[in-house]
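**Q** Okay, predicted coordinates and the sequence, questions at the end:
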Amino acid sequence: MNNQISLYREQLYYELTHYDKKNKSKIRLQDELIERIIFNVDDDLRKSFVFPDRLMKNIDFTDVSFDNFDFRGFDAIGFYGITINTDSIYNKDLSYSILRGVSIIGSIDGINIEGADFSGCVFYNNKVKDKK
């Protein structure tokens with residue numbers, strides 16, 4: 001299985017590094033192994049991207065789960081299709097992140113939002129306290 005994931009990662013890396021933004025739409029990922037291909041997962045189940053953000057911005061994340069993704073300091077500008085479920089944020093921490101264009105499902109009560117920028121976010125089923 002790890003060899004298959006390595007091969008998928010190599011193929012995806014090639015596509016991302018040869019991506020022509022002017023002539024293509026975002027790359028849509030539809031594989032049952034997708035989370036294992038695009039994310040590193042550490043012993044604490046914390047997810048992070050395998051490739052640099054500049055390459056990952058070429059992916060349509062509409063069908064990708066960001067459960068346990070580490071959003072601390074994350075800059076979502078230029079990403080497409082990211083949805084955050086507040087019940088599954090790694091360490092309940094969105095501090096110093098820029099979340100423009102991100103959809104957020106659930107309440108942000110009890111989540112560290114110090115220095116976070118929510119401008120341009122779409123909130124669903126939320127009670128947002130002291131945030132505009």
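**A** Arrived safely.

**Q** Quick one: neighbours of the closest residue to Y19 other than its chain neighbours, just the number.
**A** Closest residue to Y19 apart from its sequence neighbours, by Cβ to Cβ, 6 or more residues apart in numbering: N58 at 4.6 Å. Every C-beta, even on glycine, is put in place using the N, C-alpha and C of the backbone. The number of residues packed near N58 is 21, by other Cβ atoms under 10 Å.

**Q** what's the spacing between N58 and L94?
**A** Distance of N58 to L94, computed by Cβ to Cβ, to the nearest Å: 24 Å.

**Q** And the residue nearest to Y19, how far from G81?
**A** To G81, N58 is 12 Å away according to Cβ to Cβ.

**Q** which neighbours do these two share?
**A** With contacts defined as Cβ atoms under 8 Å, 6 or more residues apart in numbering, the residues shared by N58 and G81 are K26.

**Q** residues contacting the closest residue to K21 other than its chain neighbours?
**A** Leaving out its chain neighbours, the residue that sits closest to K21 by Cβ to Cβ, 6+ apart is N58, at 7.2 Å. Going by Cβ under 8 Å, 6+ apart, N58 touches 16, 19, 21, 26-27.

**Q** Please apply the same query to N68.
**A** N68 makes contacts with 41, 45-47, 88-90, as judged by Cβ under 8 Å, 6+ apart.

**Q** pLDDT score for N2?
**A** Listed pLDDT for N2 reads 76.

**Q** for D117, same thing?
**A** Note on D117: pLDDT of 97.

**Q** Tell me the spatial nearest neighbour of it, not counting adjacent residues.
**A** Leaving out its chain neighbours, the residue that sits closest to D117 by Cβ to Cβ, 6+ apart is I98, at 4.5 Å.

**Q** Can you report how many residues lie near that neighbour?
**A** 17.

**Q** Residues in contact with the helix or strand bottoming out on mean pLDDT in the chain: which ones?
**A** Least confident helix or strand of the chain, by mean pLDDT, DSSP states H and E, is strand 27-28 with a mean of 74. Outside strand 27-28, the residues that touch it by Cβ under 8 Å, 6+ apart are 12, 15-16, 19, 58-60, 62-63.
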